[in-house]
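Peer 1: Sequence first, predicted coordinates after that:
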Amino acid sequence: MESTTQLLNRARAGDEAAREALVSRYLPALRRFAHGRLPARVRGVLDTEDLVQATILRALNRIHDFESRHQGSLFAYLRQILLNRIRDEARREARKPPEVQLSEDMADPAPSPLEQVIGHDALARYERALTQLRPDFHEAVLLRIEMGCSYQEIAEALGRPTADSARSLTRRALLRLVEHLRLEDPSTPCATPLRR
């Protein structure tokens, strides 16, 4: 078996087979060393195997900077680099705020952007009027007004053939919405009412 020093010299000269021999020689030992050292919180984000391989490849890319002073110094060098990477990953993960699962039905107590613009009473009337619309009108109004979708996006969401047909549908839906708002509050500004 070729010595580590001989493999190092060949790897420094650019011999890929020597690099691969060094990787295969130290990879199992470094895997064993890293096993259990990577904190559980980090393990979900980063695989130990990937960390070990990246460490070896990174070290071999800087092999010209390494000085072998005694037998086993390459393994000690690789082990120290791996330990530093594990510590870096643990520190990086510790700086992240903890993940919190939010419930879907959790409401923000602050007024919505729509409520801020039109006010609480007007929002309540708007929502009541929305419930009076047929389903495709209801969806068209929500997509355009609340979600800011383009007419092309509305066409795709509602299965309309073109953006122009979605624009026409949305216009009719908005006019119908205004009619319902006027029935509840005659002071609501309105365009010409639609016929039923």
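Peer 2: Thanks, I have the structure now. Residues are numbered from 1 along each chain as shown.

Peer 1: how close does residue 85 sit to residue 58?
Peer 2: The gap separating residue 85 from residue 58 is 8 Å, by Cβ to Cβ, to the nearest Å. (C-beta placed from N, C-alpha, C; glycine too.)

Peer 1: which stretches of this structure form helices?
Peer 2: For the chain, applying DSSP state H gives helices covering 4-12, 16-34, 40-43, 48-61, 73-95, 113-118, 120-131, 135-141, 151-158, 163-184.

Peer 1: With mean neighbour count, distance to residue 101 and mean pLDDT as extra columns, can I get those helices in CSV?
Peer 2: Output for those, formatted as CSV (neighbours: other Cβ atoms under 10 Å; distance: least, Cβ to Cβ, whole Å; pLDDT from 0 to 100):
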stretch, mean neighbour count, distance to residue 101, mean pLDDT
helix 4-12, 17, 48, 89
helix 16-34, 16, 30, 88
helix 40-43, 13, 16, 67
helix 48-61, 16, 26, 86
helix 73-95, 15, 18, 85
helix 113-118, 12, 25, 65
helix 120-131, 14, 28, 82
helix 135-141, 18, 29, 92
helix 151-158, 18, 28, 90
helix 163-184, 17, 36, 93
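
Peer 1: can you redo those as JSON lines with distance to residue 105?
Peer 2: Listed next are these as JSON lines, based on distance: least, Cβ to Cβ, whole Å:
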{"stretch": "helix 4-12", "distance to residue 105": "59"}
{"stretch": "helix 16-34", "distance to residue 105": "42"}
{"stretch": "helix 40-43", "distance to residue 105": "28"}
{"stretch": "helix 48-61", "distance to residue 105": "38"}
{"stretch": "helix 73-95", "distance to residue 105": "30"}
{"stretch": "helix 113-118", "distance to residue 105": "18"}
{"stretch": "helix 120-131", "distance to residue 105": "17"}
{"stretch": "helix 135-141", "distance to residue 105": "21"}
{"stretch": "helix 151-158", "distance to residue 105": "24"}
{"stretch": "helix 163-184", "distance to residue 105": "26"}
